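>>> dropping the sequence and predicted coords here.
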Amino acid sequence: MEVNITKALSVCKSLMKDIEKWGCLKQTGVSLRYMMEFGSAPTHKNLLISAQFLHKELPIRIARRAIELHSLPHGLSLMPPVLKVRDWYLDSFRDLISFPEIKNMDDEKEFTEMIKAIKVRHNNVVPTMALGVQQLKIISEDPDKIDEFLDRFYMSRIGIRMLIGQHVELHNPNPPPNRVGYIHTKLSPVNVARNASEDARSMCYREYGTAPDVNIYGDPDFTFPYVPAHLHLMVFELVKNSLRAVQERFMDSDKIAPPIRIIIADGIEDVTIKVSDEGGGIPRSGLSKIFTYLYSTARNSVDEYENCDLGITSNVTMAGNGYGLPICRLYARYFGGDLQVISMEGYGK
């Protein structure tokens, strides 16, 4: 028994040494433009280059997060959900560094299957971390250091899943039109807004038995290159929040609930999507808290999610998890955008 324990501790120390070594290496940024150009011709040579790059890049990114998960402030590292997430990162790091050098397409195919499994293993990271953070609320009400860590952690997760997903999708022998892996080269924000709004309204119907209308204003022929799942997530979350605010404000009123408005503008430098409502707005005292992971304007507590990938699941509630807006802002910032909230208390946003 003592021999087995000593051996396990030795393996753990050895693994931590490797993690510290890889975590000191510099990670490589990959732009949307580069992914589009590189993935436009997914030849065997390009797939091999992509796999070789991920074989070196993913351990660096995963090691950095594993190191942080060991030394979080306010005792967050000791929360059972956080320990579970840490184990997922340790397992994934171990899988990656133990995989041999990728020399041919057989190696590449085997590597691709492994990183697909890693992506699945990490599906529930966001809700699991949220459970740990919510448990921490009993211990600490100071969110600053926790927010800084979670912003880095979730942003890194977005990047890891984007890199893996892009590589895996490049294997699709029959990609949809105008697709380069995860990226849609001619994405219609009007269509995405329409689909995301319908998903949010369906959820609102399930929760309240009715749902305000959503009016969309913009050129239906306008397109731009972007990741559909990312844009859908952001619009879905914003519309969901607006629907909840309007529904709860007018549910006991004789007045008809006013519609949510989505305005899409194609600027010289930016594509802007504005979601506005008449849900009463957010008090000024609450505006500084809406992007912290320890705050929610809703009454619901964190639920356990299943099969969570980008944040939308069949089990998701209308609100109350405290990480919808912060996560959406990270998705917006991942490719250089941003998410801003301007509120008029007593009216809406």
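Sure thing, it's come through. Numbering: from 1, shown residues only.
>>> can you pull the domain assignment for the protein?
Per automatic domain parsing, the structural domains of the chain span 2-174, 188-334.
>>> need these in a markdown table with mean neighbour count, can you?
In this view, the C-beta of every residue, glycine as well, is placed from N, C-alpha and C. Shown next, in a markdown table, are those (neighbours: other CB atoms under 10 Å):
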| stretch | mean neighbour count |
| --- | --- |
| domain 2-174 | 16 |
| domain 188-334 | 18 |
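>>> out of these, which gets the lowest mean score?
Note on those: domain 188-334 shows the lowest mean pLDDT, a mean of 83.
>>> start to end distance for that one?
19 Å (CA to CA, to the nearest Å).
>>> what about the helices in the stretch 151-300 of the chain?
Taking DSSP state H, counting those that start in this stretch, the helices of the stretch 151-300 of the chain run over residues 189-208, 228-250, 284-287.
>>> of all the domains of the chain, which lies closest to K349?
domain 188-334 (5.6 Å; CB to CB).
>>> ok, back up a step: redo the helices of the stretch 151-300 of the chain as TSV? Include distance to N124.
Output for these, formatted as TSV (distance: least, CB to CB, whole Å):
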stretch	distance to N124
helix 189-208	20
helix 228-250	16
helix 284-287	29
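>>> any idea which of those helices gets closest to R61?
Judged by CB to CB, the one of the helices of the stretch 151-300 of the chain that comes nearest to R61 is helix 228-250, at 18.2 Å.
>>> starting at the chain centroid, how far to that closest one?
Taking the mean of its C-alpha atoms, helix 228-250 sits 16 Å from the chain's own mean (CA atoms, centre = their mean, to the nearest Å).
>>> could you say what helices and strands that helix packs with?
The contact analysis (3 or more CB pairs under 8 Å, 6 or more residues apart in numbering; DSSP states H and E) places helix 228-250 against strand 183-187, helix 189-208, strand 260-266, strand 271-276, helix 324-334.
>>> output that helix as PDB - backbone C-alpha positions only.
What follows is helix 228-250, C-alpha atoms only, in PDB (Å, rounded to 0.1, in the frame of the first residue of the first chain):
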ATOM      1  CA  PRO A 228     -21.700  31.100 -36.400                       C
ATOM      2  CA  ALA A 229     -21.800  29.300 -33.100                       C
ATOM      3  CA  HIS A 230     -20.000  32.200 -31.400                       C
ATOM      4  CA  LEU A 231     -22.400  34.800 -32.800                       C
ATOM      5  CA  HIS A 232     -25.400  32.700 -32.000                       C
ATOM      6  CA  LEU A 233     -24.300  32.300 -28.400                       C
ATOM      7  CA  MET A 234     -23.900  36.100 -27.900                       C
ATOM      8  CA  VAL A 235     -27.200  37.100 -29.500                       C
ATOM      9  CA  PHE A 236     -29.100  34.300 -27.800                       C
ATOM     10  CA  GLU A 237     -27.800  35.300 -24.400                       C
ATOM     11  CA  LEU A 238     -28.600  39.000 -24.900                       C
ATOM     12  CA  VAL A 239     -32.100  38.300 -26.300                       C
ATOM     13  CA  LYS A 240     -32.800  35.800 -23.500                       C
ATOM     14  CA  ASN A 241     -31.900  38.400 -20.900                       C
ATOM     15  CA  SER A 242     -34.100  41.000 -22.600                       C
ATOM     16  CA  LEU A 243     -37.000  38.600 -22.900                       C
ATOM     17  CA  ARG A 244     -36.800  37.800 -19.200                       C
ATOM     18  CA  ALA A 245     -36.600  41.500 -18.200                       C
ATOM     19  CA  VAL A 246     -39.600  42.500 -20.300                       C
ATOM     20  CA  GLN A 247     -41.600  39.400 -19.400                       C
ATOM     21  CA  GLU A 248     -41.200  39.900 -15.700                       C
ATOM     22  CA  ARG A 249     -41.900  43.600 -15.900                       C
ATOM     23  CA  PHE A 250     -45.100  43.300 -17.800                       C
END
